[in-house]
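>>> Using only what follows, build the 3D model:
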Amino acid sequence: MPPKLDINKAGWEQSDFPILCETCLGDNPYIRMTKQEFGKACGTCARPYTVFRWNPGAQSGSRQKSTVVCQTCAKVKNICQTCLLDLEYGLPVQVRDTALGLERSAPTSDINREYYAQNHDGKDQGTEGARKAAGAGKEMLKQLARTDPYYKRNRPHICSFFVKGNCTRGDECPYRHEMPTEGPLAKQSIQDRYHGKSDPVARKILAQHADSQGLKPPDDASITSLFLTSLPASATDTSIRTVAVNSLPFLEPDAIRSVVHVAKTRCAFVNFTTRTSAERAAEAWANGLDVDGERVGVRWGKAKKAAAPKAAAAA
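Down below sits the predicted model:
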């Protein structure tokens, strides 16, 4: 007689080995893993999945790590199940999607998330991370990619008792005796990291890269335009706007207020509705913008000069 099927577990996920990056897997070639089927709910789609736990390092002081999202969600984004960083570049999802001009496809609410997960079960091809960037986006990712494992990320958590001043374990305490740092980087959400939105680590990486490419936001907050240079002769107002919108899927459709193309000098101004939208675009175009197969230079616009006051009429 065939085994009885539990319909409550029909959509749950079982797996034999996790999807991990080299850093989370650790430097110990003889690691031991524990496997717990349907151990907890996925941090993204909330489906029960197989949870793996292990110690990532042979050196003392490494903390126990575990998977936090199911394999289906990890395959959709091409990320590690534990740190949620891209498997190819070792970067946050928001950085990768900004460079590639990718639009978030995973569900962000409870509606139809089970249907979405089932449709992506068993799909190894067509993930977001598998899409190759061309030109400026590819160059940007190569510059930002972390090529070597960063085992410092496997350190123990900070001891909460030490922070309160009443830890009595001393050197025997398995947690770090350090004071936590304040700021936006200390507050990260699994949902935001996975979907690539409002990730403070990603914003810091993108802002630093933009600064290194000469695209530091000007002090004048009224400047909300970017200046494009060396445009191809075939460029038009429409083609420039189309390329700009397609490369910025994380912005609202009306984020670009206008495009002023000067064909004679092969340059254009892309005017944004808000300063925040302009800064996000500058981060995405830090290595230039591809227009009709050619690399276009990007700079911040300049403030408009105040009109000279009219001379007083002669008495």
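>>> which one's the longest helix in this protein?
Scanning the chain for the longest helix, with DSSP state H as the assignment, gives helix 200-212.
>>> Now do the buried residues in that helix.
Residues of helix 200-212 classed as buried under the neighbour-count rule (16 or more other C-beta atoms under 10 Å) are 200-203, 205-207, 209-210. The way it works is simple: take the backbone N, C-alpha and C, and place the C-beta from them, glycine included.
>>> thought residue 36 was touching residue 54?
No: between residue 36 and residue 54 there is no contact under C-beta atoms under 8 Å: 12.0 Å.
>>> Following element in sequence after the longest helix of the chain, please.
Using DSSP states H and E, the helix or strand that directly follows helix 200-212 along the chain is strand 225-229.
>>> now, which of the buried residues of helix 200-212 sits nearest residue 278?
Of all the buried residues of helix 200-212, the one with the least separation from residue 278 (C-beta to C-beta) is residue 210, at 11.3 Å.
>>> contacting residues for the closest one?
216, 282-283, 286 (C-beta atoms under 8 Å, 6 or more residues apart in numbering).
>>> coming back round to it: what would the buried residues of helix 200-212 look like in CSV with distance to residue 278 and pLDDT?
What follows is these, written out as CSV (distance: C-beta to C-beta, whole Å; pLDDT from 0 to 100):
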residue, distance to residue 278, pLDDT
200, 20, 91
201, 22, 91
202, 18, 92
203, 15, 92
205, 19, 94
206, 14, 93
207, 13, 93
209, 16, 94
210, 11, 94
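>>> Could you report the neighbour count for residue 239?
Summarising burial for residue 239: neighbours were counted as other C-beta atoms under 10 Å, giving 16.
>>> ok, now how distant is it from residue 99?
Noted for residue 239: a distance of 21 Å to residue 99, by C-beta to C-beta, to the nearest Å.
>>> What of residue 41?
Between residue 41 and residue 99 the distance is 31 Å, computed by C-beta to C-beta.
>>> what does residue 218 give?
As judged by C-beta to C-beta, residue 218 and residue 99 stand 23 Å apart.
>>> Could you report the neighbour count for the closest residue to residue 226 other than its chain neighbours?
Leaving out its chain neighbours, the residue that sits closest to residue 226 by C-beta to C-beta, 6 or more residues apart in numbering is residue 270, at 4.9 Å. Residues contacting residue 270 under the criterion other C-beta under 10 Å number 26.
>>> The one 5 residues further on too?
The number of residues packed around residue 275, counting by other C-beta under 10 Å, is 15.
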